[in-house]
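Asker: Give me a model of this one.
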Amino acid sequence: MRLVLSVRVCTALFVVLVVALVASPAAQSPTAFERGWQAGTPATVTGLVTAVYGDDFVNGRSELAHWIRDERTGQHFTLEFQHDVPGLRTGQRVRVQGRANGNQLYLADGASTVTTLNPNQLPAATAVTGDQKTLVIVANFTDVNVTCSIASITDIMFTDPNGQSVDGVYRDNSNDCVSFSGTVVGPYTIDFPSTGVCDPALWAEAAQAAAVAAGVNTASYPRKVYVLPANSCPMSGYGSVGGATSEAWVFNCGIRRLYQHELGHNLGMMHASSPGNEYGDNTDPMGIYVIQKVFGFNAPHRQQMGWLPDTAVHVISASGVHEVAPLAIGSASAAAPQTLLIRKPDTGEYYSVAYRYPVEYDRYMDGQFFYRSTVHRYSPGPTAFNTYLLAGLADSETFTDAANGITVTQVAHDSTRALVRVELSSVCDPTPPSVSVTPAVQDGRAGTSLTYAVAVANNDATTCPASTFTVSGASPSGWTLSITPSVLTLGPGSTANAMVTLTSPAAAPAGRYDAAVNVGEGATASHAASAAVTYTIVGDTTAPTTPGNLRATVRQKQKQVQLTWTAATDSNGVAGYIVERNGVSVGSPASTTWIDSAWSAGSTLTYSVIAYDAAGNRSARSNSVTVTLSGGGKGR
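Answerer: As a prediction, the model looks like this:
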């Protein structure tokens, strides 16, 4: 994205507009954001964003924060948003404009406050695999020390002889796709009191500096965990979300599940929730189940991480009774699928059904879910979302989604599998429509309008009712896009057409421009589709007409040859002429007259003229004229 105005002008306008935006009526008390904004000073910061989850297990709440380190000064800031939080991801490089007050950077609403500088450089989320080389740095405050020994923290992370290490549970749950190796160093004392300002980023920087001073090659560890004593932060720990490099903070050194939880955030997992409770899923360590042991992840998280092979996942498309093997056993040993997936038509999410049996690391989860089939709701795909535990079914117990005609019942179970009946009624399952554009690519001159025919097909099954689709568009800034009609009502299997007219600005430079046609139906997420529209602005490719009636007059006394000709014409105007003498360019007049003062007695000279326009197009050569010079004069 490029700023059209200068930085100085943009900053001034930004401050004026945003001060007006965040000002409160005199009769109201200012909000915390407004107080911070008013006390701050204008600031523009460029750097990499870190999205960090803070986990307050004591009070059952979490907080997603966004941190940025200024590339120029090295200062860390926490981004405070007035209302809307943009979808920032760990590793994005951005420029933010707001007001700084200490280590808080206040950003008012509006897209202009956050500019993404590397939108195409972040890789899509992929399966997490391989060894995660991790450095654990133990740091004390000036007034309090970590109570766990280096040896005990090493056991928690890497070497516990009883199989209760973080490395052990990740190896087991990932089918040996993921492991954690590394070392624990410290303790180092950093120059901060535990009662000071909560600033994990600054503490991490100080702890790393201490480790480097002690000879540790911190750069060789992509993942870092900071173990510190309890402090002024309201959270039990923090974990950056996703990314090939990560940081985690643990403020209670002896709770193994806290390490597992924050490292889960590092790998890209969000929370294991239940409806109405951020940490309400006791079948997954990304919830709040209060034990010190590590235990197994739920099926949606294992699938999100890419730890379940295709043979372990069965997508249900028809009613029937299905076997489900225990989730905790290795997939290679499973005699049946370990997860059933049932699409939730109204939202496009899925129900995930798994059998939790007290074996391996599932022995340590909440016992009330032993021998039960758990039902989760979640959204599969590259972007992580919370998972939601909806039910734990004992034999003969049923989960029902009446709106979508889905019923799940655990019929029976033993040590090797559960039998689960899935019933799907003939409820409509909306399917994305098809959208095609004819022609999809067109050329035109700047300032002209091009028309595209858009065909929309309703792909729903015949059991579905007719749908009313809204057709909208997105065009480049400054362009005009119109659609007629903008609403299409279609029955299943039907197709209708709309016309899109796209007009470019008269001053738009030559090049390719892309617009989009979007089709959707209200809140039905699965009833959405889009298609691309391309408009290529072509430059001036037409050459001027040929200059005519070229004449040469020899001025013997002045020792000059004067050329005149009839003007050429061009649809966008003639920019000038090129005069050739004996086939070599010797002049470029803007008018239809040119004088050659290079005189050589006895020489024979042949002249011609070419016209050219602003786009560089050249005409054919004019008629040629030849003159022979006589007498003395200066040489060339």
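
Asker: Point to the helix or strand of this structure where mean pLDDT is at its lowest.
Answerer: When each helix and strand of the chain is scored by mean pLDDT, DSSP states H and E, helix 7-22 comes last, with a mean of 36.

Asker: Report all helices and strands that the next helix or strand after that one contacts.
Answerer: Remark: after helix 7-22, the chain's next helix or strand is helix 32-39, criterion DSSP states H and E. Applying 3 or more Cβ pairs under 8 Å, 6 or more residues apart in numbering; DSSP states H and E, we find helix 32-39 packed against helix 7-22, strand 93-101, strand 104-107. From N, CA and C alone the C-beta is placed, and that goes for glycine too.

Asker: Mind doing that once more with 6 Å?
Answerer: Judged by 3 or more Cβ pairs under 6 Å, 6 or more residues apart in numbering; DSSP states H and E, helix 32-39 is in contact with strand 93-101, strand 104-107.

Asker: what lines up beside the helix or strand just after that helix in the sheet?
Answerer: From helix 32-39 onward toward the C-terminus, using DSSP H and E, the following helix or strand is strand 41-56. Strand pairing for strand 41-56, determined by DSSP bridges: strand 61-69 (antiparallel), strand 93-101 (antiparallel), strand 237-240 (antiparallel).

Asker: Now the first one: buried residues?
Answerer: Neighbour counts over strand 61-69 (16 or more other Cβ atoms under 10 Å) mark S62, A65, H66, W67, I68, R69 as buried.

Asker: and after that strand, which helix or strand comes next?
Answerer: strand 76-81.

Asker: could you give the mean pLDDT of that next one?
Answerer: What strand 76-81 shows for mean pLDDT is 88.

Asker: Output the contacting helices and strands for that strand.
Answerer: By 3+ Cβ pairs under 6 Å, 6+ apart, strand 76-81 packs against strand 61-69, strand 104-107.

Asker: what comes into contact with it?
Answerer: Residues from elsewhere that reach strand 76-81 (Cβ atoms under 6 Å, 6 or more residues apart in numbering): A65, H66, W67, I68, R69, N103, Q104, L105, Y106, L107, A201, L202.

Asker: just these now: which is nearest P492?
Answerer: Closest approach to P492 among the contacts of strand 76-81 (Cβ to Cβ): H66, at 44.1 Å.

Asker: Domains in the protein, by residue range?
Answerer: Per the record, the chain has its domains at 7-116, 130-268, 299-424, 434-537, 548-628, by automatic domain parsing.

Asker: Which one of the ones you listed lies nearest to P275?
Answerer: domain 299-424 (6.0 Å).

Asker: what's the burial count for the nearest residue in space to V359 that is not next to it in sequence?
Answerer: Residue nearest to V359 in three dimensions, not counting chain neighbours: A328, with 5.0 Å by Cβ to Cβ, 6 or more residues apart in numbering. Counted with other Cβ atoms under 10 Å, the neighbours of A328 add up to 21.

Asker: from what I can see A328 touches R356, true?
Answerer: No. Counting by Cβ atoms under 6 Å, A328 does not reach R356; the two are 7.3 Å apart.

Asker: Low-confidence stretches in the stretch 501-636 of the chain?
Answerer: Under the criterion pLDDT under 70, the flagged ranges of the stretch 501-636 of the chain are 523, 631-636.

Asker: If we use 50, what do you get?
Answerer: Under the criterion pLDDT under 50, the flagged ranges of the stretch 501-636 of the chain are 632-636.

Asker: all strands for it, in order.
Answerer: 511-521, 524-537, 548-555, 560-566, 574-581, 584-587, 593-596, 604-613, 625-628 (DSSP state E, counting those that start in this stretch).

Asker: Which of the ones you listed sits closest to D143?
Answerer: Across the strands of the stretch 501-636 of the chain, closest to D143 is strand 524-537 (Cβ to Cβ), at 52.0 Å.
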